[in-house]
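1. with the sequence up front, the predicted model follows.
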Amino acid sequence: MAEGWDTAEELNKHQRSELVILQMPVNWMGVPWRFKQYMDEVYSAGMGGELCSGDGRTRSDPSRQYGSGGTLTGSRYMLSLTFNAPADAFDDPEQVLFQGRGVDDLLVPQHMNFRFFGMTALPTFACFDVMKNPAIEADFQRLEAHLSAHL
């Protein structure tokens, strides 16, 4: 992303893909700013039908729900994340920062974006403690097992 992107090409990639894997570090409990910029530019440009046909609601059918207009039904996505936080900081109500919240709780906005486009989530993959206690080879092995189990 540091080199930029062609919005039309990115929309085309999303339309052709059966699976989109988003690999990113979690910075300040969210996506890096450059990925946020990508989302704002590419995903907003896809609102005309490439990624979704509006928000799903229509005047002719008031029962249609907000967020049901995605055109990427049948495609899947997976978040692959790196954290400086150790794994035991999550899903434990006794932990000071996350207070029982899990990895996917932090990334709810991204999950909602892809659901808005009609995509289905695969289980999230995460690497933990990557700065203080990296386990790179073990993380690659876990990733391979994760992909084998879910693809």
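-> Okay, I see it.
2. what is the neighbour count of M78?
-> Neighbours of M78 under the rule other C-beta atoms under 10 Å: 19. Every residue, glycine included, has its C-beta placed from N, CA and C.
3. next SSE downstream of the helix or strand encompassing F35?
-> Assessed by DSSP states H and E, F35 sits inside helix 33-38. Per DSSP H and E, helix 33-38 leads on to helix 44-45 as the next helix or strand towards the C-terminus.
4. give me the number of residues near D40?
-> D40 has 10 neighbours, counted by other C-beta under 10 Å.
5. relative to L107, how far out is it?
-> For D40, the distance to L107 (C-beta to C-beta, to the nearest Å) stands at 17 Å.
6. repeat that for M29.
-> Going from M29 to L107 by C-beta to C-beta gives 9 Å.
7. more crowded one of those two?
-> Neighbour comparison, M29 and L107: the larger count goes to L107, with 21 against 13 (by other C-beta under 10 Å).
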